[in-house]
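> turn this into a structure:
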Amino acid sequence: MTLQQDIKLLPGDYTVHSKLIAKIRGLVSAKKFFEDLPDRMRDRHTCTALLHMYVQYKMSAKVEALMEKMSERGVLKSPLPYNQMLSLYISNGQVEKVPRMIQESKKIFHLMLSHII
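Numbering: from 1, shown residues only. Prediction:
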């Protein structure tokens, strides 16, 4: 995706672009696109898009590593990544990891709600 001076691209634009790359060229190309993104464009939307791609390919280790990075960067601000993790664990038969993920998501969202109220 080339940048032009008169067009300001937002993280959401990169999110859509990465999803299209994954559908047309595959996961490897989409991951390369994500890695080449400017740091300021790696927000919760672009990270969640990559997470979703890993979930589709049932790559548990990659999903867990990306969730950790997202947590470190403070971009886990919606239930979607946790829902994707739960779906992955259930579809892979890793049901023993489900309760821990539910507890972690509750803890995160409780903290988020305490800052709002």
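
> contacts only, for the residue sitting nearest the centre point of the chain.
Nearest to the geometric centre of the chain sits residue 48, at 2.1 Å (C-alpha atoms, centre = their mean). Residue 48 sits next to 15, 70, 78, 80-81, 84 when contact means C-beta atoms under 8 Å, 6 or more residues apart in numbering. Where you see a C-beta, it was placed from the backbone N, CA and C, and this is true even at glycine.

> same thing but 10 Å
Residue 48 is in contact with 15, 66, 70, 75-78, 80-81, 84, counting by C-beta atoms under 10 Å, 6 or more residues apart in numbering.

> so which bits of the helix or strand where it lies are buried?
Secondary structure from DSSP states H and E places residue 48 in helix 44-56. Buried residues in helix 44-56, defined by neighbour count with 16 or more other C-beta atoms under 10 Å: 44-55.

> what ranges do the helices span in this protein?
In the chain, the helices defined using DSSP state H lie at 11-25, 27-35, 44-56, 60-73, 80-91, 98-116.

> winner for burial among these?
Of these, the one with the most neighbours on average (mean count of other C-beta atoms under 10 Å) is helix 44-56, at a mean of 21.

> residue contacts, the nearest residue to residue 78 once chain neighbours are set aside?
Computed as C-beta to C-beta, 6 or more residues apart in numbering, the closest residue to residue 78 that is not its neighbour in sequence is residue 44, at 6.6 Å. Going by C-beta under 10 Å, 6+ apart, residue 44 touches 11, 15, 51, 70, 73-78, 80-81.

> let me know the pLDDT of residue 53.
pLDDT recorded at residue 53 is 94.

> against residue 20, how distant is it?
Computed as C-beta to C-beta, to the nearest Å, the residue 53 to residue 20 distance reads 12 Å.

> anything in contact with each of these two?
Common neighbours of residue 53 and residue 20 (C-beta under 10 Å, 6+ apart) are residue 30.

> burial measure for residue 39, as a count.
Counted by other C-beta atoms under 10 Å, the residues lying close to residue 39 total 7.
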